[in-house]
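K.L.:
Predicted model follows, preceded by the sequence.
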Amino acid sequence: MAPARRDEGGRAARRGVTRAVLVTGAAGQLGEALRRAAWPEGFAAVALDRAALDLADLNAIAGAVAGRRWAAVINAAAYTAVDKAESDQVAAWQVNALAPAALAAACASAAVPLVQVSTDYIFPGDRDGAWEVDDAAAPLGVYGASKLGGELAVRTSGARHVIVRTAWVMSARGHNFVRTMLRLAAERDTLRVVADQRGSPTAAADLAAALVRIAVRLADDATAPTGTFHFSNAGATSWAGFAEEIFRQSARRGGPSAAVTPIATSDYPTPARRPANSLLGLGAIGAAYGIHPRRWEAALGDILDELIGAPK
Ligand SMILES: NC(=O)C1=CN([C@@H]2O[C@H](COP(=O)(O)OP(=O)(O)OC[C@H]3O[C@@H](n4cnc5c(N)ncnc54)[C@H](OP(=O)(O)O)[C@@H]3O)[C@@H](O)[C@H]2O)C=CC1
Ligand SMILES: Cc1cn([C@H]2C[C@H](O)[C@@H](COP(=O)(O)OP(=O)(O)O[C@H]3O[C@@H](C)C(=O)[C@@H](O)[C@H]3O)O2)c(=O)[nH]c1=O
Ligand SMILES: [Mg+2]
């Protein structure tokens, strides 16, 4: 348990009360990481997967929030299939915008703070430099647009809230670029990967630790900072640079690797357009919450330790 949090959690623990935080999307990368995260003494995650709470069911959402005195709610569920969303708009908006609207309305009624997770893909990506929390959003695709709809619903709900935008989430489990690259490398010697889209890979575990800190602070402190923040691991790369680092670190551990041929986005046609630059400015979350993420290469190392083993 995190010693820094003993005071807040300790009071509840002494009273024998566990303060429960409702987590949606329990089976996703972030939901799993929130379940495994180190919660401070006195706090526990109650993580619900789709079978336990289907976000397509707005009445079920209202019932889940009203059914218990939650310390906070973290919405880790989302429709994350970026390309499929282009031809499946209603489903994407249902999960990414209407469900957060229903969660936020229920949180507002129950006076429960809400942590909503959003994405770098709400930005157009059409200039260099990091995107700051108050920069104008202009999503290029349905996924980003639906996630922006979710932000707006939460922001206007009256619920005390924090919206955390993140990027390029990776984990030893679930669907992500690291696992895709390792799988493809086992089948091919050379992979073509786009080199003109830049961003920051982010370990689900690191994001989860930041969200735990934020949710606990919101639960404990009525003056905790609210609003919109960014969290990614530190540093920037392209998808091609990311792939090269995956294979460099995988090879060091005796895992699969492949040569990476850098290509242009125009040579890798996909249904959804993606931002060319989606770097997120981390100043706001550092100033408000004292959260200063480590570099993405180190976070990737932990994931490969888990997937492959320690470096030889
Ligand atoms: N993955 C990424 O690269 C990025 C993610 N984000 C955001 O981070 C958050 C977490 O994403 P991540 O964990 O990576 O995503 P995943 O795709 O790994 O997990 C999303 C989870 O949401 C669940 N879900 C989808 N639809 C419903 C529904 N109708 N009812 C209940 N649950 C549902 C899925 O359930 P099931 O398993 O049953 O399909 C899945 O377990 C999301 O808000 C996402 O938009 C932001 C930037 C990057
Ligand atoms: C598999 C593959 C992908 N690519 C390209 C396609 C795309 O431009 C880029 C990344 O592809 P992916 O489909 O893995 O990533 P994508 O689904 O776009 O990932 C996004 O997911 C959502 C949920 C987010 O919120 C974003 O932050 C981001 O993480 O790599 C290649 O160039 N070569 C390849 O072999
Ligand atoms: Mg994808």
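P.N.:
Perfect, thanks for sending it. Ligands and ions are numbered 1, 2, ... in the order given.

K.L.:
C-alpha from now on. contacts and neighbour counts both.
P.N.:
Fine.

K.L.:
pLDDT averaged over stretch 158-175, what's the number?
P.N.:
Computed over stretch 158-175, the mean pLDDT rounds to 97.

K.L.:
List the buried residues in that stretch.
P.N.:
159-173 (16 or more other C-alpha atoms under 10 Å).

K.L.:
same thing with stretch 136-146?
P.N.:
Here stretch 136-146 shows 137, 139-146 as buried, counting by 16+ other C-alpha under 10 Å.

K.L.:
With distance to ligand 1, secondary structure and pLDDT added, can I get those in CSV?
P.N.:
Output for those, formatted as CSV (distance: C-alpha to the nearest ligand atom, whole Å; DSSP: H, G, I helix; E, B strand; the rest coil; pLDDT from 0 to 100):
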residue, distance to ligand 1, secondary structure, pLDDT
137, 15, coil, 98
139, 13, coil, 98
140, 14, coil, 97
141, 13, coil, 98
142, 12, helix, 98
143, 8, helix, 98
144, 8, helix, 98
145, 11, helix, 98
146, 9, helix, 98
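
K.L.:
on that earlier part again, which among the buried residues of stretch 158-175 are in contact with ligand 2?
P.N.:
167-169 (C-alpha under 6 Å from any ligand atom).

K.L.:
Okay, and which of the residues you listed map to strands?
P.N.:
Within those, residues falling in strands by DSSP state E are residue 169.

K.L.:
out of the ones next to ligand 2 among the buried residues of stretch 158-175, which touch ligand 1?
P.N.:
Answer for these near ligand 1 (C-alpha under 6 Å from any ligand atom): 167-169.

K.L.:
Can you name the residues of the stretch 151-300 of the chain that neighbour ligand 1?
P.N.:
The stretch 151-300 of the chain comes close to ligand 1 at residues 166-169, 174-175, as judged by C-alpha under 6 Å from any ligand atom.

K.L.:
try 5 Å
P.N.:
Along the stretch 151-300 of the chain, the residues adjacent to ligand 1 under the rule C-alpha under 5 Å from any ligand atom are 166-169.

K.L.:
Help me confirm that residue 173 is found in a strand?
P.N.:
No. Judged by DSSP: H, G, I helix; E, B strand; the rest coil, residue 173 forms no part of a strand; its state is coil.

K.L.:
Any chance you could list what contacts the strand or helix carrying residue 105?
P.N.:
Per DSSP states H and E: residue 105 is located in helix 99-110. Contact partners of helix 99-110, identified using C-alpha atoms under 8 Å, 6 or more residues apart in numbering, comprise 55-56, 58, 61-62, 65-66, 73, 75, 113-114, 116, 150-151, 153-154, 157-160.

K.L.:
What residues does residue 86 make contact with?
P.N.:
Per C-alpha under 8 Å, 6+ apart, neighbours of residue 86: 141-143, 271-272.

K.L.:
what separates it from residue 123, distance-wise?
P.N.:
17 Å (C-alpha to C-alpha, to the nearest Å).

K.L.:
try residue 183
P.N.:
Taking C-alpha to C-alpha, one finds residue 183 at 30 Å from residue 123.

K.L.:
Name the residue in those two with the higher neighbour count.
P.N.:
Between residue 183 and residue 123, counted using other C-alpha atoms under 10 Å, the more crowded position is residue 123 (24 against 13).

K.L.:
hang on, the more buried one packs against residue 280?
P.N.:
No. Residue 123 is not in contact with residue 280 according to C-alpha atoms under 8 Å; the separation is 9.6 Å.

K.L.:
got any residues that touch both of those two?
P.N.:
residue 131.

K.L.:
Helix or strand with the lowest mean pLDDT in this protein?
P.N.:
helix 6-14 (a mean of 45; mean pLDDT, DSSP states H and E).

K.L.:
Next secondary structure element downstream of that helix?
P.N.:
strand 19-24.

K.L.:
which other helices and strands contact that next one?
P.N.:
Counting contacts by 3 or more C-alpha pairs under 8 Å, 6 or more residues apart in numbering; DSSP states H and E, strand 19-24 is packed against helix 29-36, strand 43-48, strand 72-75.

K.L.:
Quick check: which of the ones you listed is buried the most?
P.N.:
Most buried of the helices and strands packed on strand 19-24, by mean neighbour count (mean count of other C-alpha atoms under 10 Å): strand 72-75, with a mean of 26.

K.L.:
Let's see that strand as PDB, backbone CA atoms only.
P.N.:
Taking Å, rounded to 0.1, in the frame of the first residue of the first chain, the C-alpha atoms of strand 72-75 are listed here in PDB:
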ATOM      1  CA  ALA A  72     -15.600   7.800  -7.000                       C
ATOM      2  CA  VAL A  73     -16.300   6.400 -10.500                       C
ATOM      3  CA  ILE A  74     -13.600   5.800 -13.100                       C
ATOM      4  CA  ASN A  75     -14.900   5.200 -16.600                       C
END
